[in-house]
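Q: Only the shape, not the letters, is given here:
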């Protein structure tokens with residue numbers, strides 16, 4: 001993949017994971033982003049966006065720690081920022097999948 005400077009895309013040649021793990025992550029991020037709204041932590045007792053991030057990133061737990069940290073930050077952005085570039089995130093996540 002040559003179009004991206006994002007962490008996942010930049011590392012795709014070094015780290016590959018199973019496509020089912022990327023699909024599970026994408027599904028979880030979509031659910032979390034769709035149900036998130038500003039102030040959710042204040043109105044829903046016990047809710048923390050970090051728990052959503054943990055759930056979303058769980059299928060990627062075998063990635064190198066540095067890459068996983070970068071992807072977790074991107075997951076946070078995709079969940080909490082409705083203007084985030086979701087297409088780039090989807091492309092980079094897919095680039096990690098083995099064929």
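A: Happy to help now that I have it. Only a predicted model underlies this, so the values are computations on that prediction, with no experimental measurement involved. Residues are numbered from 1 along each chain as shown.
Q: Report the contact partners of the residue nearest to the spatial centre of the chain.
A: Closest to where the C-alpha atoms of the chain average out (Cα atoms, centre = their mean) is residue 75, at 3.6 Å. Residues in contact with residue 75 (Cβ atoms under 8 Å, 6 or more residues apart in numbering) are 25, 29, 32, 53, 56, 57, 89. Yep, even glycine has a C-beta here, placed from its N, CA and C like the rest.
Q: Got the confidence number for the last one?
A: Reported pLDDT at residue 89 in the predicted model: 95.
Q: That one: what secondary structure?
A: Judged by DSSP: H, G, I helix; E, B strand; the rest coil, the three-state class of residue 89 is helix.
Q: Could you list which residues are in contact with it?
A: 6, 29, 74, 75, 78.
Q: With the fifth one instead?
A: Contact criterion Cβ under 8 Å, 6+ apart gives 25, 28, 29, 32, 75, 79 as the residues in contact with residue 56.
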